[in-house]
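Fold the following.
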Amino acid sequence: AHPKQQTLFPVLCGCCIVHCFYPSSDLIAHENTMDGKKNVTATEEIWQRVEEARNIENPVRGLGPYMTIEIAPGGTADGSQDGSKEDHLSHAMNGQSGCAGGGGEYNDEESDINTQQPQALDILYARSPLQPDIHQQCIDLLTENLGSVYEDDTERGPIMDTAIGAIEHEDARFLLVFNEATLVAYITFRFNVNDEEYPTEEVLYVYELQVSKEYQHRHGIGRRLMALMEVVGLRAKMKKVMLTVFKRNEKAYRFYTRRMSYETDAICQPNDENGQSDYEVLSKELK
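Numbers count the residues shown, from 1 in each chain. Down below sits the predicted model:
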């Protein structure tokens, strides 16, 4: 063997001395360098897949039948009591069953909307920057929903700033739900990595899911948007759908974890000195 590749050391084994070869420091350094190069290569490949996803012109192309929500008399989406269209969306497009949950500040309170007449809600895809009037409708809806959850301005202010930043980010993508010209719901998402400092997976990250109070619950809007997120992520070859939810927003947390079967992601770490966290990072694998 090359003298720089191996070094001979005696090792006491029972009643005899066994001569064993151990890697030299030069070899260890070489292997560490190779491991570092492999990690860099893997990271570059992850970011490349993220960039390819970001370059998709319209990630919901071909999903036309699922881009309209029919609210039948009685208040349920598509006249269904079990959200079957949402349940079968992933199955129909990608061989999946069920539907994904989502991020943001979803609320599942009872709805007071009058649905004696059928309504058709249109889901439109958009990317940043939004048109000024649509941007303002998103901010208005965000303000309406956050105001009911975060009564303290010291909490609501920073959260609002972060949410507005997500809307205005250059990589932001949107599904916007309209009743004619009125925005009744939206979801903000990006193609990204699971951890920008130490990325290990490419993901679709949901930043906000907001549904107007009068359209919350029974209409299947949040459910439909989440199902579409799962399909979009699969099509773009993302590994997961991820989101962050504040634990104090109990209705949103319940919606994601109980109804949508999202689980705490391994990346989630405590953020206070007591080893606790006021939020959770949730995720669902896409297979």
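
rest of the way, CA atoms for contacts and neighbours
OK.

Strands of the chain, residue ranges please.
6-13, 16-23, 68-71, 119-127, 173-179, 182-193, 202-211, 240-246, 263-264, 279-285 (DSSP state E).

okay if I get the ones you listed as JSON lines plus distance to residue 41?
Below are the strands of the chain laid out as JSON lines (distance: least, CA to CA, whole Å):
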{"stretch": "strand 6-13", "distance to residue 41": "28"}
{"stretch": "strand 16-23", "distance to residue 41": "25"}
{"stretch": "strand 68-71", "distance to residue 41": "42"}
{"stretch": "strand 119-127", "distance to residue 41": "30"}
{"stretch": "strand 173-179", "distance to residue 41": "28"}
{"stretch": "strand 182-193", "distance to residue 41": "15"}
{"stretch": "strand 202-211", "distance to residue 41": "14"}
{"stretch": "strand 240-246", "distance to residue 41": "21"}
{"stretch": "strand 263-264", "distance to residue 41": "28"}
{"stretch": "strand 279-285", "distance to residue 41": "23"}
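
Make TSV out of the ones you listed and add mean neighbour count and mean pLDDT.
Shown next, in TSV, are the strands of the chain (neighbours: other CA atoms under 10 Å; pLDDT from 0 to 100):
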stretch	mean neighbour count	mean pLDDT
strand 6-13	12	42
strand 16-23	12	44
strand 68-71	22	90
strand 119-127	18	94
strand 173-179	21	97
strand 182-193	23	97
strand 202-211	26	96
strand 240-246	23	93
strand 263-264	16	90
strand 279-285	21	92
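
Low-confidence bits of the protein, can you list those?
For the chain, the stretches flagged by pLDDT under 70 are 1-39, 73-117, 148, 151, 153, 218, 269-276.

Buried ones in stretch 125-138, by neighbour count?
For stretch 125-138, burial by neighbour count (16 or more other CA atoms under 10 Å) applies to 125, 127-128, 130, 137-138.

Select, out of the strands of the chain, the one closest to residue 61.
strand 119-127 (9.3 Å; CA to CA).

The closest one - contacts with which helices or strands?
The helices and strands touching strand 119-127, judged by 3 or more CA pairs under 8 Å, 6 or more residues apart in numbering; DSSP states H and E, are strand 68-71, strand 173-179.

Can you say which of the strands of the chain is nearest to residue 55?
strand 182-193 (9.9 Å).

ok, back up a step: with distance to residue 202 as extra columns, can I get the buried residues of stretch 125-138 in JSON lines?
JSON lines is the format used below for the buried residues of stretch 125-138 (distance: CA to CA, whole Å):
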{"residue": "125", "distance to residue 202": "21"}
{"residue": "127", "distance to residue 202": "19"}
{"residue": "128", "distance to residue 202": "20"}
{"residue": "130", "distance to residue 202": "25"}
{"residue": "137", "distance to residue 202": "30"}
{"residue": "138", "distance to residue 202": "27"}
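
Would you mind measuring from the spatially closest residue to residue 119 that is not a sequence neighbour to residue 213?
What sits nearest to residue 119 in space, not counting adjacent residues and going by CA to CA, 6 or more residues apart in numbering, is residue 71, at 5.1 Å. Per CA to CA, to the nearest Å, residue 71 is found 15 Å from residue 213.

do residue 198 as well
Residue 198 is 38 Å from residue 213, by CA to CA.

Residue 236: what's it in contact with?
Residue 236 makes contact with 52-53, 59, according to CA atoms under 8 Å, 6 or more residues apart in numbering.

Swap in 7 Å and give it another go.
residue 53 (CA atoms under 7 Å, 6 or more residues apart in numbering).

all helices for the stretch 51-200 of the chain, in order.
For the stretch 51-200 of the chain, the helices defined by DSSP state H, counting those that start in this stretch occupy 84-87, 89-94, 132-149, 153-168.

Can you tell me which of those helices is packed in deepest?
Highest mean neighbour count of those: helix 84-87, a mean of 19 (counted as mean count of other CA atoms under 10 Å).

contacting residues around the residue nearest to residue 177 when sequence neighbours are not counted?
Spatial nearest neighbour of residue 177, excluding adjacent residues (CA to CA, 6+ apart): residue 123 at 4.5 Å. By CA under 7 Å, 6+ apart, the residues touching residue 123 are 67-68, 175-178.
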